[in-house]
Structures are given as C-alpha cells and as structure tokens.
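[1] My questions concern the predicted model and sequence given below.
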Amino acid sequence: MQSNQAKIEALLFVAGDEGLSLNQLVELTGLLKPALSAQIEKLAANYAANSDCSLQIITTQERFRLATKQEFASLLQAYFEAPNVASLSHAALETLAIIAYKQPVTRVQIEEIRGVRSTGSLQKLLAFELITEAGRLEAPGRPILYQTTENFLNHFGLHSLKDLPALPQPNEEKGGSEQQDLLELFNETLQEDDSKVEEHKDDK
C-alpha cells in the first residue's frame, strides 16, 4: 500500500522545477489540507534528518518542489563544469530543438511534443546557458516559459532566430509531423555545426 508521503514525493518529483501548490496536492492525493500539510512537514523532516538523502522540500510562491540540499552545490557544479553541446544527450538536443522553434514554450508543451518527460534535459540546458526562463504563462499553475539564449545563437553561428532553417509546409502524403520536421532540421543544423568544428581543427 502506498504511503501518503510516498505519494507526495512521487508527485513533487514528476512536477519538477514548477512544483505543485497545496490545492493541487489536495486534489491529487485526496487528503485534507491540514493532513496534507502535516505529511509534507514530516517528509521534509525525514529528508533533513537523513544524511544519506540529498533531497529537500522547498516552498516558493506557495508551491512545493523537490530540490537538492545546499551541501551538494559544489558537487553538482563540478558535474556541469565546462559544458559543451557535444556532451548533450539526444534527449537534450531534441528538447533544445523544440525550444528553438517553438519559444517561448513550457515544459508541458515540450513533453506533449516529445511524448516523454523533459525535466532533466531542461535542467542541463539551463546549466549550459543554452536556454533561459522567460517568465510564466498566464494559465493555471503559471508554468515557466523557456527560450533560447544569445549563447545558443553564438554556438550555432546564428545572427538571430530568423537564421534557423524554415519549417516545411505540412505534407499529408509524406505523413510527417511538424514536430518531426523541426527535429530533422535541427539535427541538420547540428551536423553542419560539427562539420565547421572539424574543418576548423583541420585548418590548425
């Protein structure tokens, strides 16, 4: 049987950086507010007391979310040190492509296109300063909007987003989707960028 604390932990993990409000947690768990608040406090206390656990619960603008404890900051910084696009996973590159063509865009919108969770990819792209937060969408939960940065343009040799390859018109006979088209186009851009890097190495 699932404990209430385990349910809360699972929901906060899935919610990622956007977190969940008390009302959302009440609706999802079926607990009353006083009971839910007590469970959150117990879970937070368990995290704080367990030196083998790297997590904590933080509250921002009346929303709860999971985060790593402050003492792990240097370890995580080392992980993200000296980033480069070549070390990005295919999932992160897919996420970057969607943001490049659809910005500003929310995590949920990205996941609707990809069909899988994208929290980890977003965190890595933020750490690499290829994307940045661009405010919040005026919708329930006020989700974070993401857009590309000047660092993104510099890396791919673009003067502006207008230099990105244009998306083709939908072709029903081809059976492709706009999502597939933008990923294919972005992959072509990546390949072109890799070629430039190799040519630069050869010149040396």
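    Nice, I can see it.
[2] any idea how far Asp17 is from Cys133?
    One thing to correct before we go on: residue 133 is Glu, not Cys. Distance, Glu133 to Asp17, by CB to CB, to the nearest Å: 9 Å. Where C-beta positions appear, they are placed from N, C-alpha and C, glycine not excepted.
[3] list the residues that contact both of those two?
    Ile144 (CB atoms under 8 Å, 6 or more residues apart in numbering).
[4] Those two: which is more packed in?
    The neighbour count for Glu133 versus Asp17, taken as other CB atoms under 10 Å, is higher for Asp17 (17 against 13).
[5] for that one, helix, strand, or coil?
    Recorded secondary structure, Asp17: helix (DSSP: H, G, I helix; E, B strand; the rest coil).
[6] Per-residue pLDDT of it, please?
    At Asp17, the pLDDT value in this model is 79.
[7] Contacts only, for the residue most central in space within the chain.
    Centroid-nearest residue in the chain: Leu122, 2.3 Å away (criterion: CA atoms, centre = their mean). The neighbours of Leu122, taking CB under 8 Å, 6+ apart as the test, are Gly16, Asp17, Thr95, Arg107, Ile110, Ile131, Tyr146.
[8] please redo it, this time with the cut-off set to 7 Å
    Listed by CB atoms under 7 Å, 6 or more residues apart in numbering, the contact partners of Leu122 are Thr95, Arg107, Tyr146.
[9] Just those: which are in helices?
    Among those, DSSP state H puts Thr95, Arg107 in helices.
[10] how's the protein carved up into domains?
    Domains of the chain are assigned by automatic domain parsing as 4-72, 80-203.
[11] mind checking the end-to-end distance for the first one?
    This means domain 4-72. One end of domain 4-72 sits 27 Å from the other (CA to CA, to the nearest Å).
[12] Next: stretch 53-71.
    End-to-end distance for stretch 53-71: 11 Å, by CA to CA.
[13] And for that stretch, what's in contact with it?
    Identification of contacts with stretch 53-71 by CB under 7 Å, 6+ apart yields 12-13, 15, 17, 19-21, 40, 43-44, 47-48, 72, 76.
[14] and the domains of the chain, which one is worst for confidence?
    domain 80-203 (a mean of 75).
[15] how about the strands of this structure, start to end?
    20-21, 55-60, 63-68, 105-106, 131-136, 144-148 (DSSP state E).
[16] Dump the ones you listed to JSON lines, plus distance to Gln2.
    What follows is the strands of the chain, written out as JSON lines (distance: least, CB to CB, whole Å):
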{"stretch": "strand 20-21", "distance to Gln2": "17"}
{"stretch": "strand 55-60", "distance to Gln2": "18"}
{"stretch": "strand 63-68", "distance to Gln2": "17"}
{"stretch": "strand 105-106", "distance to Gln2": "28"}
{"stretch": "strand 131-136", "distance to Gln2": "31"}
{"stretch": "strand 144-148", "distance to Gln2": "29"}
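[17] Would you map the helices across this protein?
    Going by DSSP H, the chain shows helices at 4-15, 22-29, 33-49, 73-79, 90-102, 107-114, 119-127, 150-155, 178-203.
[18] just the angle between the third one and helix 22-29, please?
    Between the axes of helix 33-49 and helix 22-29, defined by axes from the mean of the first three to the mean of the last three CA atoms, to 10 degrees, the angle is 100 degrees.
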